[in-house]
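**Student:** Give me coordinates for this.
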Amino acid sequence: MLGAARAVAWALLLATGALAGWMPDEDAIPPANRTWLERIADELDRSLTVYRRPKNVEEAENLVFRLLDDPERSVLVLGRTVLVDRRLFVRPNKKGLLHLEFLRSLLERGASGNVAYLWEWSADGFKSQDQLIREGCPAPKRMGSGKTEVKPKSWIYQKQKGRPELPYLAIAKRYGYDQCGILVPNCYFESQDKWEEKLVTIARSSETQKAAEDKDPRVFWRGAIRNEAVCKDEGGNFARAEAVALSVAHPKLFDVKCLECDMRDDVKDPCLEFTFDEATRKALKDEKKIKGKYVPKADFGRYRYQLNLPGSVSGSYSRNLNHLWLVGSVVAMWNAPFVEHYYPALKEGETHVAFDRETAAAALAAVTPELRDKLVQNARKVADELLCPDCLANYW
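**Tutor:** Numbering: from 1, shown residues only. Sure, this is the predicted structure:
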């Protein structure tokens, strides 16, 4: 009876809007009866239709030259040879090197066709909001205050171009599916062999192998909160700070704590779009309750829930999610619009739960043991069918 009551409660919470829902679900192509891989392929096809295709050989040649005209993002693959400018190697967090390591592992399997592409290494999926519009891309509906970064002339260029001409590969899209770009796996999966080693280590962990009922029942997260200089990039830190404050308000439900806790003082240095309520502001002042100790990835599986939060740099994806699907826990997604290449296969209530500060406690209360087991099973299915080394290679 309790399980049935919770199932009804979950349905009612979603129907009445008491739960926030998950933004990518709202923005995705309706899946109908499509398989996970078909949903991903559908989104790939849709993202390609945004761009104007070359009409003849001359236009195609011109497009290739333009694709190779950005030394920090251009990649040329000829058989088993990869040609890049050395400036790609000095990207933040070694992103360029990690991408080339991934290519190396793919090409060791066999020669590729000749390919030229732009690889956008930014977590946002664009160089800047201004360039996104200047190149002819439609403004994403969730762009919000990002529109203030667009120069007046760029809106004029957008109208003149009609449709963007220069496609590029993106490791994530900060504003959701309707943002320009063709999604590819993020660079932190690294090479095929290194990713396989990580998966084996996590899968063999005794914490991963624990039954759900034997795990710590709380939601777990560890990470950094780093105050950004400009308000438009504070979305990730704001979400992380709100999540950390939940551990003060609901210590029996959340073990969500920061290792670096550099929070913006929203009274002295306010961001109108990101303002804490009084309870959150008070909780964040108690560093003893919000700062946690480091936990190795192999031990994440001791917790029943794993929380994925937006990244600290701008509020887009976080590399932390790559391995969370494998640790034998329920994956919990903070409600945010960013998407990665496999997100079309995901659905709230099927592969994960989703919440924000206001809905977190209610969302957890609505998870029955039956739903919990289903979510754990489907999380492992995501790891095995979408994020395995062969899965990533096949996507490319």
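**Student:** tell me the contacts of residue 98?
**Tutor:** By Cβ atoms under 8 Å, 6 or more residues apart in numbering, the contact set of residue 98 is 187, 188, 190. From N, CA and C alone the C-beta is placed, and that goes for glycine too.
**Student:** swap in residue 345?
**Tutor:** With contacts defined as Cβ under 8 Å, 6+ apart, residue 345 is in contact with 36, 37, 39, 40, 351, 382, 386.
**Student:** Could you rank the residues you listed by neighbour count and give me the top one?
**Tutor:** residue 351 (23 neighbours; other Cβ atoms under 10 Å).
**Student:** Next, work out how far apart it and residue 162 are.
**Tutor:** 37 Å (Cβ to Cβ, to the nearest Å).
**Student:** Can you report how many residues lie near residue 371?
**Tutor:** Residues lying near residue 371 (other Cβ under 10 Å) number 18.
**Student:** May I have the secondary structure class of it?
**Tutor:** Following DSSP: H, G, I helix; E, B strand; the rest coil, the label given to residue 371 is helix.
**Student:** Export the contacts of residue 98 to CSV and append columns for neighbour count and secondary structure.
**Tutor:** CSV is the format used below for those (neighbours: other Cβ atoms under 10 Å; DSSP: H, G, I helix; E, B strand; the rest coil):
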residue, neighbour count, secondary structure
187, 21, helix
188, 20, helix
190, 17, coil
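**Student:** between these, which is nearest residue 313?
**Tutor:** The closest of the contacts of residue 98 to residue 313 turns out to be residue 188 (Cβ to Cβ; 13.5 Å).
**Student:** Now do the contacts for residue 360.
**Tutor:** The neighbourhood of residue 360, defined by Cβ under 8 Å, 6+ apart, consists of 219, 243, 246, 250, 253, 254.
**Student:** helix or strand right after the worst-scoring helix or strand of the chain on mean pLDDT?
**Tutor:** Across the helices and strands of the chain, mean pLDDT, DSSP states H and E gives its lowest value to helix 2-16, namely a mean of 45. Sequence order places helix 23-27 as the next helix or strand after helix 2-16, per DSSP states H and E.
**Student:** Show me what counts as buried in that next one.
**Tutor:** Buried positions in helix 23-27, judged by neighbour count with 16 or more other Cβ atoms under 10 Å: 23, 24, 25, 27.
**Student:** What of stretch 387-396?
**Tutor:** By neighbour count with 16+ other Cβ under 10 Å, stretch 387-396 contains the buried residues 387, 388, 389, 391, 392, 395.
**Student:** what does stretch 173-193 give?
**Tutor:** Neighbour-count burial for stretch 173-193, counted by 16+ other Cβ under 10 Å, picks out 173-192.
**Student:** what's the answer for stretch 211-224, then?
**Tutor:** Here stretch 211-224 shows 212, 215, 218, 219, 220, 221, 222, 223 as buried, counting by 16+ other Cβ under 10 Å.
**Student:** Strands - which of those residues land there?
**Tutor:** Taking DSSP state E as the definition of strands, the buried residues of stretch 211-224 contribute 218, 219, 220, 221, 222, 223.
**Student:** Contact partners for the closest residue to residue 181 other than its chain neighbours?
**Tutor:** Once flanking residues are discounted, residue 181 sits nearest to residue 170: 3.4 Å by Cβ to Cβ, 6 or more residues apart in numbering. Contact partners of residue 170, counting by Cβ under 8 Å, 6+ apart, are 120, 125, 126, 181, 182, 183, 184.
**Student:** tell me the average confidence for stretch 342-356?
**Tutor:** The pLDDT scores in stretch 342-356 average 96.
**Student:** start the count at 829, not 1, going forward
**Tutor:** All set: I'll call the first residue 829, so the last point we hit is now stretch 1170-1184.
**Student:** how long is it end to end?
**Tutor:** With Cα to Cα, to the nearest Å as the measure, the first residue of stretch 1170-1184 is 22 Å from its last.
**Student:** now it, how far from the chain's geometric center?
**Tutor:** Here stretch 1170-1184 is found 12 Å from its chain centre; the criterion is Cα atoms, centre = their mean, to the nearest Å.
**Student:** Which residues in that stretch does the neighbour count mark as buried?
**Tutor:** Neighbour-count burial for stretch 1170-1184 [16+ other Cβ under 10 Å]: 1170-1177, 1179-1184.
**Student:** And these, which is closest to residue 1106?
**Tutor:** Nearest to residue 1106, judged by Cβ to Cβ, of the buried residues of stretch 1170-1184 is residue 1184 at 17.5 Å.
**Student:** Surely that closest one is in contact with residue 1070?
**Tutor:** Yes. Contact status for residue 1184 versus residue 1070: in contact at 7.5 Å, counting by Cβ atoms under 8 Å.
**Student:** element containing residue 1159, please.
**Tutor:** strand 1158-1162.
**Student:** Which stretches in the stretch 879-1028 of the chain count as strands?
**Tutor:** Taking DSSP state E, counting those that start in this stretch as the criterion, the stretch 879-1028 of the chain carries its strands at 902-906, 909-911, 943-948, 997-998, 1010-1011.
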